[in-house]
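Colleague: take this sequence and fold it.
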Amino acid sequence: MNANEIYGYQGLRVETQAMIENEQTPFLCFHFDKMSKRVFIMADSESLKKVREVQAFVEIEDILKSVFDERKKLTMYDQKFEVGRGRPSYLSCEHKKAGGVSHHTCHGLKPQYQLSWEKNLTGCFEDRAHADANYEKLPKEILREIFDYMKPSVLKSVILVCKYWKSVADEPALWKGFNLPSKCKKSGKKFLKFFQKSISSKLQILSLDNFAFQLNDDHIQKLLNLELKKLTIGNIDLFNISDDFLAQVVNNSKECEILEPEAKLNTSDGININILGLNKLKAIFRKMESETNLKSLTLAGSDKALDLSFVPSSSLANALNKLESLALCQVKFRQNQLKTIFDMSVETKFKSLDLKSLTLDLDSVDMEIFDSAFSNLSELILNGLGLDNNQLKHVAENLDKSCKLKTLKISNTNMKELPPGLLARVVTKISCVGIESVEMTVDQLEQIFHIISTGSSSIKQLNLFGIADIHEINPETLAKGINKLQFFDFANIGENVFTENQTKEMFEVMSQGTSLKKLGTASEPLALEWMDNIGKVDPEILAKAIHNLEEVTLALEESYLPLPQYMAIFKKFGGKSKIKKISSQEEEIYL
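Modeller: Numbers count the residues shown, from 1 in each chain. From the prediction side, this is the model:
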């Protein structure tokens with residue numbers, strides 16, 4: 001039959017059948033039928049078998065359907081015919097260059113995929129590569145987000161790329177953690193040379209300690225215009241630095257730690273004084289009274305106290321009450337100084353107060369002077385103050401009446417004489433509580449966990465370190481209480497904290513539902529394997545419990561868990577699980 005006498009599909013079919021069966025030519029054709037809106041295949045039997053085994057089979061069908069849906073005008077393309085005429089279409093062309101740039105007008109883009117024989121053809125193609133991205137056109141907000149992930153060592157190179165990048169990377173907020181290079185502490189010349197560079201203005205952190213040369217006013221003047229995030233003054237001789245210069249550097253900073261070293265200087269009259277110097281401390285407080293950027297100040301002595309008893313009470317009170325956070329460790333005060341600092345009539349910005357080992361005869365101190373300050377703080381840390389039973393009770397009763405605390409940390413204190421109900425009420429009305437190396441009774445611990453277990457408390461995180469007798473708490477009360485918290489951490493050096501029954505009950509309750517997000521604190525997770533008697537918990541119960549947490553830390557390298565427990569935990573990932581992240585030492589997996 002002559003194909004010229006039959007048109008359309010029938011003509012194509014007759015011609016194709018002759019090619020396949022008479023000439024034994026492999027043939028593969030996909031075509032779209034407009035009536036049925038389906039894609040059909042016309043092929044030799046062997047090619048058909050093979051093409052049905054590749055993903056391209058489905059992709060070609062999608063291509064034909066999409067071309068039909070686009071309703072564009074279609075024209076015929078026959079590659080063999082075009083090659084026979086010496087015109088392989090887009091495979092070659094003539095082009096002109098203008099200004100060294102090729103201008104192509106005779107063909108489209110180079111195909112992403114080519115037939116094997118096409119790759120050997122000489123010719124030219126319009127470049128498919130994307131033009132170089134113009135990063136200068138990125139909005140500053142996007143660049144700022146990108147640069148925020150970079151360390152200062154990388155930002156040093158970023159500011160050299162172009163003016164536009166430099167205008168964004170110069171922002172001080174991006175240079176967090178930028179410290180004075182260590183080489184600058186070894187030589188006065190290197191110190192001064194560093195501050196001749198514009199990058200020195202980006203300094204965020206500065207530690208005035210352990211310099212190999214003696215600092216003087218020439219060095220300190222380089223620091224006067226800095227607005228540091230954190231300044232630390234430690235083991236350093238400041239004798240050749242003027243009082244006012246040092247005071248200005250301190251008060252230009254947002255956070256300052258003054259750590260009195262153990263070394264002393266001999267004065268002309270033979271008296272040993274602290275290296276920081278009496279006049280320098282006075283100058284710092286005078287400047288703080290009038291103008292300061294300080295929000296946080298830490299004052300800490302060493303073996304001997306940092307003596308502030310010589311500073312006028314009013315000057316000390318006016319200066320310190322401009323702070324949001326104050327930490328005092330091994331600091332010597334007079335009683336009337338404390339009374340003035342914490343006087344109710346003094347306007348204060350205090351949000352956080354950390355008191356540790358104050359050098360003062362606290363037996364004679366009326367604790368009422370702290371009432372207003374303690375009641376209005378967000379964070380209170382009391383460490384080894386040596387308060388007697390009446391003083392402790394007064395503090396607790398005051399916090400029970402009025403308390404805005406979100407964080408309370410108590411350590412190195414004997415609280416056994418506090419009424420269990422009073423202590424429990426105070427602890428459970430605060431969001432985050434840390435109790436370390438504190439003497440407590442079983443009744444006090446039972447009351448705390450009982451109130452937590454009822455769900456009527458505000459506490460979300462509880463840390464118990466070095467607390468004896470936890471193992472004597474009723475397992476059910478302890479388990480219910482812990483599972484009402486969001487974070488719970490514990491440690492007891494040299495012995496187990498929980499009994500076998502307590503651990504089993506804890507995970508039994510956890511398997512039924514828990515408020516815990518993970519074991520440990522928000523910032524310091526506790527590995528599952530470190531739990532006391534964890535290996536004795538039923539594998540299925542343990543698996544259900546663990547999958548009710550949002551985050552799990554496993555110490556696989558030093559595991560105490562039997563294999564069946566691991567198997568139960570990992571099999572559970574195929575079902576219902578709340579876990580979003582698993583970590584093992586340095587490795588983290590987000591789910």
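Colleague: okay, now the nearest residue in space to Met19 that is not next to it in sequence: neighbour count?
Modeller: Counting by Cβ to Cβ, 6 or more residues apart in numbering, Met19 lies nearest to Thr25, which is 4.5 Å off, once chain neighbours are set aside. In short, each C-beta sits where N, CA and C put it, glycine included. Burial of Thr25 is recorded as 11 neighbouring residues (other Cβ atoms under 10 Å).
Colleague: now stretch 372-385, how far from the chain's geometric center?
Modeller: 27 Å (Cα atoms, centre = their mean, to the nearest Å).
Colleague: what's that stretch in contact with?
Modeller: 325, 327, 342, 344, 348, 350-358, 362, 395, 398-399, 401-413 (Cβ atoms under 8 Å, 6 or more residues apart in numbering).
Colleague: which of the residues you listed fall in strands?
Modeller: 325, 327, 352-356, 407-413 (DSSP state E).
Colleague: for Lys34, state which of the residues you listed is nearest.
Modeller: Thr407 (73.5 Å; Cβ to Cβ).
Colleague: that closest one and Asn376, how far apart?
Modeller: 14 Å (Cβ to Cβ, to the nearest Å).
Colleague: helix or strand: which one has Phe570?
Modeller: helix 563-571 (DSSP states H and E).
Colleague: the next helix-or-strand element following that helix packs against which elements?
Modeller: Scanning forward in sequence from helix 563-571 by DSSP H and E, the next helix or strand is strand 581-584. Contact here means 3 or more Cβ pairs under 8 Å, 6 or more residues apart in numbering; DSSP states H and E; on that basis strand 581-584 packs against strand 551-553, strand 587-590.
Colleague: still on that earlier bit, what does the pLDDT read for the residue nearest to Met19?
Modeller: The score at Thr25 is 91. That number is its pLDDT.
Colleague: which parts of the stretch 1-150 of the chain are strands?
Modeller: 28-33, 38-43, 96-98, 101-103 (DSSP state E, counting those that start in this stretch).
Colleague: next: the stretch 151-300 of the chain.
Modeller: Along the stretch 151-300 of the chain, counting by DSSP E, counting those that start in this stretch, strands occupy 205-208, 230-233, 255-259, 264-266, 272-274, 296-300.
Colleague: and of the ones you listed, who's closest to Val311?
Modeller: strand 296-300 (11.0 Å).
Colleague: distance between the closest one and the chain's centre?
Modeller: 25 Å.
Colleague: the inter-axis angle of it versus strand 352-356?
Modeller: 0 degrees (axes from the mean of the first three to the mean of the last three Cα atoms, to 10 degrees).
Colleague: could you say what helices and strands strand 296-300 packs with?
Modeller: Going by 3+ Cβ pairs under 8 Å, 6+ apart, strand 296-300 lies up against strand 255-259, strand 325-329.
Colleague: give the pairing partners of the first one; include direction for each.
Modeller: Put plainly, it is strand 255-259. strand 230-233 (parallel), strand 296-300 (parallel) (DSSP bridges).
Colleague: contacting residues for Phe313?
Modeller: Slight slip there: residue 313 is Ser, not Phe. Counted by Cβ under 8 Å, 6+ apart, Ser313 has contacts Arg334, Asn336, Gln337, Lys339, Thr340, Ile341.
Colleague: SS state for the second one?
Modeller: Assigned state for Asn336: helix (three-state reduction, DSSP: H, G, I helix; E, B strand; the rest coil).
Colleague: distance-wise, check the residue nearest to it when sequence neighbours are not counted relative to Leu320.
Modeller: The shortest distance from Asn336 to any non-neighbouring residue, by Cβ to Cβ, 6+ apart, is to Ser313 (5.7 Å). As defined by Cβ to Cβ, Ser313 lies at a distance of 11 Å from Leu320.
Colleague: and Gln391, by the same measure?
Modeller: 22 Å.
Colleague: what do you get for Thr514?
Modeller: 43 Å.
Colleague: so which of those two has more stuff around it?
Modeller: A direct count of neighbours by other Cβ under 10 Å for Thr514 and Leu320 places Leu320 higher, at 25 against 20.
Colleague: surely the more buried one meets Ile341?
Modeller: Yes: with contacts counted by Cβ atoms under 8 Å, Leu320 reaches Ile341, the gap being 5.7 Å.
Colleague: quick revisit: among the contacts of stretch 372-385, name the buried ones.
Modeller: Buried members of the contacts of stretch 372-385, counted by 16 or more other Cβ atoms under 10 Å: 325, 327, 342, 348, 350-358, 395, 398-399, 403, 405-413.
Colleague: now do the buried residues in the longest helix anywhere in the chain.
Modeller: Secondary structure of the chain per DSSP state H: the longest helix is helix 56-70. Within helix 56-70, the residues that count as buried by 16+ other Cβ under 10 Å are Ile60, Glu61, Leu64.
Colleague: over to stretch 252-261?
Modeller: Counting neighbours by 16+ other Cβ under 10 Å, stretch 252-261 gives Asn252, Ser253, Glu255, Cys256, Glu257, Ile258, Leu259, Glu260, Pro261 as buried.
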